[in-house]
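Have a look; sequence and predicted model below, questions after that.
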Amino acid sequence: MSTQQSYEAAAAGSPQETAEFDQGHQSFIQKFQHLLHVTPSLVPLIVLVLSVIVFGLLLGSKFFSPFALTLILQQVGIVGIVACAQSLVILTAGIDLSVGAIMVLSSVVMGQFTFRYGLPPEIAVVCGLICGTFCGFINGWLVARMKLPPFIVTLGMWQIVLATNFLYSANETIRSQTIAAEAPLLQLFGEKIKLGGAVFTYGVIFMVLLVILLAYVLRHTAWGRHVYAVGDDPDAAELSGVKVNRVLISVYMLSGLICAFAGWAMIGRIGSVSPTSGQLANIESITAVVIGGISLFGGRGSILGTFFGALIVGVFTLGLRLLGADAQWTYLLIGLLIIAAVAVDQWIRKVSV
């Protein structure tokens, strides 16, 4: 009897002993790899801190001044908002090439509804937000219901929305002086708040609050967990009871709404309503998302990482400009960061959860 008890005790203890043995023989690289896997935003945070340190050593107080640091936030404000929209889509293993066009069309609707049709600015802003949400709904419906590839759907939507933008606006720019005099609400996100030497805009504050809100929603709500589940394995998610189509449509609609807010913020940033502005927002948003550590295969990453990715681009852009370097060096370094980010993502994906 004692022999049987000893055998059962040994059998019960063997898994724990084996686990402890395996864990004890993990190398530092393996532990670090696992840490990066469970904390995706850690990689862009490390890159951001290192880049700030390097440019700080090279530029000194010229870079570390409150004005310079808040200028980085102002420069990445629009891209950061659009990147949040892009992040939601990429987390579902999709991609949205139409975010920039939706942003611009929404801003044009706000301007034209105010000055062409004479609607109150508040109503015009709401119409612009509805326009962006509706464009997102079309994307989501085609991807979820028609089962079309997100790349093709949003590529086509990008062309359609871009053409609609120019046809509807007749390539007309509404000047900042006109907006400031008759509809200052459209320039709300461009208003500045000074705290010592630091200068913040409502657009920057909105971007930070949006990042915090989305980070909470994705991490602590059922909808957020469903977004990750759909991106990781849609078939398994559907078998577990997740309404995949509904989640996909809601993600694209929310992406469109966020892009519309970005369009409103862009009016405040540049002061005017221009149908030709923000044309590179789709590429810039994907850049921030990839550098921010969100996997292009879906199901892994965080909004906080995207925020760090946008800041990295801003730090490199301002730092190289203050050093007097050619603008092409910025594109070169950002390109290297994109390739490195994808390589790191592939390396991290080898770790089992």
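Yep, it's here. Residues are numbered from 1 along each chain as shown.

How far does stretch 68-80 sit from its chain's centre?
Its chain's C-alpha centre and that of stretch 68-80 lie 14 Å apart, by Cα atoms, centre = their mean, to the nearest Å.

got a list of contacts for that stretch?
62-63, 103, 198-201, 203-204, 207, 211, 262, 265-266, 269, 278, 281, 284-285, 288, 306-307, 310-311, 313-315, 317-318, 322 (Cβ atoms under 8 Å, 6 or more residues apart in numbering). Glycine gets a C-beta too; all of them are placed from N, C-alpha and C.

for stretch 27-44, same thing?
Stretch 27-44 is contacted by residues 26, 291-295, 300-302, 304-305, 308-309, 312, 341, 344, 347-351, 353 when judged by Cβ under 8 Å, 6+ apart.

Can you say which of the contacts of stretch 68-80 are buried?
Using 16 or more other Cβ atoms under 10 Å as the burial test, the contacts of stretch 68-80 include 63, 103, 199-201, 203-204, 207, 211, 262, 265-266, 269, 278, 281, 284-285, 288, 306-307, 310-311, 313-315, 317-318 as buried.

Out of these, name the ones that lie in strands.
Mapping the buried ones among the contacts of stretch 68-80 onto strands (DSSP state E) picks out 199, 200, 201.

Now, the contacts of stretch 68-80 that are in helices?
Of the positions in those, 62-63, 103, 203-204, 207, 211, 262, 265-266, 269, 281, 284-285, 288, 306-307, 310-311, 313-315, 317-318, 322 sit in helices, assigned by DSSP state H.

Distance of the closest residue in space to residue 137 that isn't next to it in sequence relative to residue 157?
Nearest non-adjacent residue to residue 137, counting by Cβ to Cβ, 6 or more residues apart in numbering: residue 253, 4.9 Å away. As judged by Cβ to Cβ, to the nearest Å, residue 253 and residue 157 stand 13 Å apart.

cool, and residue 248?
Residue 248 is 15 Å from residue 157, by Cβ to Cβ.

swap in residue 260?
Distance from residue 260 to residue 157, by Cβ to Cβ: 14 Å.

Neighbour count: those two, which is higher?
Taking neighbours as other Cβ atoms under 10 Å, residue 260 and residue 157 compare with residue 260 leading, 30 against 23.

Can you read off the pLDDT for that one?
The per-residue pLDDT reported for residue 260 equals 98.

ok, back up a step: give me every residue that touches the residue nearest to residue 137.
133, 136, 137, 140.

Spatially, which residue comes closest to the second one, not counting chain neighbours?
Right, the one you point to is residue 136. residue 256 is the one closest to residue 136 (Cβ to Cβ, 6+ apart), at 2.2 Å.

Give me the subset of the contacts of stretch 27-44 lying in helices.
Residues of the contacts of stretch 27-44 located in helices (DSSP H): 291, 304, 305, 308, 309, 312, 341, 344, 347, 348.
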